[in-house]
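Colleague: coordinates only, no sequence provided:
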């Protein structure tokens with residue numbers, strides 16, 4: 001079964017950190033571009049990162065640049081989103097998604113994980 005399963009969300013105080021995991025099954029994550037998205041209440045979904053396949057370039061949106069880092073563990077078929085210096089405006093449901101090279105549309109999506117930044 002092809003799926004992406006996310007984990008690691010939760011409640012954190014401003015300035016804190018969280019690490020989200022996105023584990024793939026049924027396909028090899030390294031053969032896909034991996035995107036991270038988030039959707040805050042009442043707002044449109046925002047693309048915040050894209051890691052190119054096979055060790056390629058990683059793009060970060062300005063809103064997270066310097067605070068969030070994406071990494072990949074091929075042995076675990078898992079991609080991580082390390083989030084530091086979290087602020088209340090980072091509160092959202094976070095999603096990972098995968099698309100093959102040469103395709104603009106993300107084909108596989110995780111179920112989403114809630115991140116809440118609040119004191």
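Modeller: Thanks, I have the structure now. Predicted model, so just to flag it, every value in this text is computed and none were measured. Numbering: from 1, shown residues only.
Colleague: which SS state does the spatially most central residue of the chain fall under?
Modeller: With distances taken as CA atoms, centre = their mean, residue 36 lies nearest the centre of the chain, 3.3 Å away. At residue 36 the chain is in strand, as set by DSSP: H, G, I helix; E, B strand; the rest coil.
Colleague: would you confirm that it contacts residue 93?
Modeller: No. Here residue 36 does not reach residue 93: they are 11.6 Å apart, not a contact under CB atoms under 8 Å. C-betas here are computed from N, CA, C, even on glycine.
Colleague: got the phi and psi for the closest residue in space to residue 28 that isn't next to it in sequence?
Modeller: Leaving out its chain neighbours, the residue that sits closest to residue 28 by CB to CB, 6 or more residues apart in numbering is residue 77, at 6.8 Å. Phi and psi for residue 77, reported as degrees, to the nearest 10, are phi 50, psi 40.
Colleague: so who does residue 77 touch?
Modeller: If a contact means CB atoms under 8 Å, 6 or more residues apart in numbering, then residue 77 has 23-25, 28-29 as its contacts.
Colleague: now it: how far from residue 60?
Modeller: According to CB to CB, to the nearest Å, residue 77 and residue 60 sit 22 Å apart.
Colleague: and for residue 9?
Modeller: 19 Å.
Colleague: again with residue 18
Modeller: 16 Å.
Colleague: tell me which of these two has more neighbours.
Modeller: Taking other CB atoms under 10 Å, residue 18 and residue 60 do not tie; residue 18 has more neighbours (21 against 17).
Colleague: give the contact list for that one.
Modeller: Residue 18 touches 8-10, 12, 83, 86, 115, counting by CB under 8 Å, 6+ apart.
Colleague: from residue 26, how far out is it?
Modeller: Taken as CB to CB, the spacing of residue 18 relative to residue 26 amounts to 26 Å.
Colleague: show me where the protein has strands.
Modeller: For the chain, applying DSSP state E gives strands covering 3-7, 10-12, 18-25, 32-39, 46-51, 58-60, 68-73, 78-83, 92-100, 108-109, 113-117.
Colleague: I'd like the ones you listed as JSON lines, with mean pLDDT appended.
Modeller: JSON lines is the format used below for the strands of the chain (pLDDT from 0 to 100):
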{"stretch": "strand 3-7", "mean pLDDT": "95"}
{"stretch": "strand 10-12", "mean pLDDT": "98"}
{"stretch": "strand 18-25", "mean pLDDT": "97"}
{"stretch": "strand 32-39", "mean pLDDT": "97"}
{"stretch": "strand 46-51", "mean pLDDT": "96"}
{"stretch": "strand 58-60", "mean pLDDT": "95"}
{"stretch": "strand 68-73", "mean pLDDT": "96"}
{"stretch": "strand 78-83", "mean pLDDT": "97"}
{"stretch": "strand 92-100", "mean pLDDT": "96"}
{"stretch": "strand 108-109", "mean pLDDT": "96"}
{"stretch": "strand 113-117", "mean pLDDT": "98"}
